[in-house]
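>>> Sequence first, then the predicted structure, then my questions.
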Amino acid sequence: MPRTPVTIVTGFLGSGKTTLMNRALADPAMRGALVIVNEFGEVGLDHALMASSDDSIVVLQNGCLCCTVFGDLIGTLNALYHRREAGEIDPFDRVVIETSGLADPVSVVQAFLSDPTLEGLYRLGGVVAVVDGVNYATTIGEHDEATRQIALADHIILTKLDMVPAAERADREAATRAVIAGINRIAPVRLADDATLDLAQLLAWSGHDLERGAAEVSAWLAQDALHNAEACADPQGGHHHHAHGPDHVEIGSLSFVRDAPLPRLALRLLLDGIERNLGSSLLRIKAIVAVEGEEDGPAVIQGAQHLLHNVTWLKDWPFPDRKSRFVLIAAGIGTAHLRDMVELLDRVATRSAAARAG
């Protein structure tokens with residue numbers, strides 16, 4: 001049976017996540033979705049798992065997912081999968097996780113990239129961040145979690161602009177988009193009050209289903225955004241994006257295309273170097289990699305912080321040029337420093353692999 005896609009909905013306190021989720025759940029297209037809501041209680045002692053009167057909604061209480069993700073959430077998802085297979089609960093074809101406003105979504109992403117319990121049951125579809133268009137400046141300026149939520153997002157929804165006087169709305173929207181672009185230049189930004197916004201479709205996004213071909217891989221890598229954003233070419237034909245968040249937490253965003261295939265050993269050494277040198281600063285890495293001797297399809301690389309998922313392989317090449325494509329996002333490291341570090345690690349890995357082979 002295909003793995004069930006999971007969408008993570010994140011956003012700081014008061015950003016409007018619950019309002020959007022209620023709106024989405026009113027859509028008949030969400031009938032097959034199972035929603036997990038993380039409610040952060042006043043006393044975070046014993047984590048209680050309880051089902052609401054609607055079996056399609058599960059509430060994780062009195063704990064933040066960023067703290068309990070490797071316990072309650074994984075156990076809950078595992079149990080729900082097996083209850084579904086046993087016919088004990090209604091079938092569901094996707095899962096939507098609404099994190100608490102205080103959660104760092106990196107830990108939730110890690111669960112789907114590294115936990116063996118979830119490996120064959122679920123796959124990460126995408127991360128949707130909800131941003132308050134009225135209070136964004138204060139929130140981002142004072143809370144690192146809000147910045148990291150935006151940085152990790154595949155899609156961003158801008159809320160509360162309907163509360164801004166009409167004469168000020170255009171300027172406020174432009175200012176908010178500029179701040180968001182300084183943190184995440186890749187994710188498309190949609191307005192919550194846009195009549196064309198299809199929340200059910202967005203929450204069912206399958207950008208991680210890479211077997212579907214070039215369109216899905218491009219969406220996963222945000223290929224169009226990467227090539228359209230202002231960038232400078234590197235010696236290997238890649239592109240670098242200069243993204244800067246608030247003064248107290250700099251966000252580095254790097255993308256590049258590598259022309260030559262990597263020897264298998266060089267790829268392992270490169271990933272080891274990235275893991276050791278970036279560690280918890282690495283918010284996300286995504287890559288499609290050409291490996292020497294592998295003629296069928298490329299390797300798929302993904303990870304969050306210090307955890308890199310086991311290398312998987314596509315059956316066919318999604319791009320006719322068969323070139324490797326990398327995307328990295330890091331916190332506390334500027335784009336220029338990130339670029340220099342990765343290029344150095346690439347050179348060291350390639351030379352070390354050649355020396356060992358010789």
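In hand now; what should we look at? Worth saying up front: this structure is predicted, and the values here are computed from it rather than measured.
>>> all contacts plus neighbour counts: C-alpha atoms, from now on.
Will do.
>>> got the residue ranges for the helices in this protein?
For the chain, the helices defined by DSSP state H cover 17-25, 65-68, 74-85, 105-114, 116-119, 136-142, 144-152, 166-183, 199-203, 214-221, 223-228, 264-278, 335-357.
>>> how about TSV for these, with mean neighbour count added?
Output for the helices of the chain, formatted as TSV (neighbours: other C-alpha atoms under 10 Å):
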stretch	mean neighbour count
helix 17-25	16
helix 65-68	18
helix 74-85	15
helix 105-114	22
helix 116-119	14
helix 136-142	16
helix 144-152	25
helix 166-183	16
helix 199-203	18
helix 214-221	19
helix 223-228	15
helix 264-278	18
helix 335-357	16
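>>> okay if I get those helices as JSON lines plus mean pLDDT and distance to Gln305?
Putting the helices of the chain into JSON lines (pLDDT from 0 to 100; distance: least, C-alpha to C-alpha, whole Å) gives the following:
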{"stretch": "helix 17-25", "mean pLDDT": "84", "distance to Gln305": "25"}
{"stretch": "helix 65-68", "mean pLDDT": "47", "distance to Gln305": "13"}
{"stretch": "helix 74-85", "mean pLDDT": "88", "distance to Gln305": "18"}
{"stretch": "helix 105-114", "mean pLDDT": "79", "distance to Gln305": "7"}
{"stretch": "helix 116-119", "mean pLDDT": "79", "distance to Gln305": "18"}
{"stretch": "helix 136-142", "mean pLDDT": "81", "distance to Gln305": "21"}
{"stretch": "helix 144-152", "mean pLDDT": "87", "distance to Gln305": "11"}
{"stretch": "helix 166-183", "mean pLDDT": "91", "distance to Gln305": "17"}
{"stretch": "helix 199-203", "mean pLDDT": "89", "distance to Gln305": "24"}
{"stretch": "helix 214-221", "mean pLDDT": "72", "distance to Gln305": "18"}
{"stretch": "helix 223-228", "mean pLDDT": "50", "distance to Gln305": "22"}
{"stretch": "helix 264-278", "mean pLDDT": "89", "distance to Gln305": "8"}
{"stretch": "helix 335-357", "mean pLDDT": "87", "distance to Gln305": "14"}
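>>> Mind checking the ones you listed for the one nearest to Val130?
Closest to Val130 of the helices of the chain is helix 17-25 (C-alpha to C-alpha; 6.2 Å).
>>> related to what we said a few turns ago, would you reformat the helices of the chain as a markdown table and include distance to Val257?
Converted to a markdown table, those look like this (distance: least, C-alpha to C-alpha, whole Å):
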| stretch | distance to Val257 |
| --- | --- |
| helix 17-25 | 35 |
| helix 65-68 | 33 |
| helix 74-85 | 35 |
| helix 105-114 | 23 |
| helix 116-119 | 28 |
| helix 136-142 | 31 |
| helix 144-152 | 21 |
| helix 166-183 | 21 |
| helix 199-203 | 28 |
| helix 214-221 | 12 |
| helix 223-228 | 11 |
| helix 264-278 | 15 |
| helix 335-357 | 12 |
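>>> looking at the ones you listed, which is closest to Asp316?
Going by C-alpha to C-alpha, the one of the helices of the chain nearest Asp316 is helix 214-221, 9.9 Å.
>>> Extract the CA atoms of the closest one and return them as CSV.
Extracted C-alpha coordinates of helix 214-221, given in CSV (Å, rounded to 0.1, in the frame of the first residue of the first chain):
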residue,chain,number,x,y,z
ALA,A,214,10.1,16.0,-13.3
ALA,A,215,7.1,18.2,-12.2
GLU,A,216,7.0,16.7,-8.7
VAL,A,217,10.8,16.9,-8.3
SER,A,218,10.8,20.5,-9.5
ALA,A,219,8.1,21.3,-7.0
TRP,A,220,10.0,19.5,-4.2
LEU,A,221,13.2,21.5,-5.0
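>>> Centre of the chain to that helix, how far?
Distance of helix 214-221 from the chain centroid (C-alpha atoms, centre = their mean, to the nearest Å) equals 14 Å.
>>> Just give the nearest non-adjacent residue to Thr139, would you?
For Thr139, ignoring the flanking residues on the chain, the nearest one in space by C-alpha to C-alpha, 6 or more residues apart in numbering is Ala146 at 6.7 Å.
>>> what about the nearest residue to Arg84 once chain neighbours are set aside, distance to Leu328?
Distances taken as C-alpha to C-alpha, 6+ apart put Pro91 closest to Arg84, at 5.6 Å, once the chain neighbours are dropped. The spacing between Pro91 and Leu328, counted by C-alpha to C-alpha, to the nearest Å, is 36 Å.
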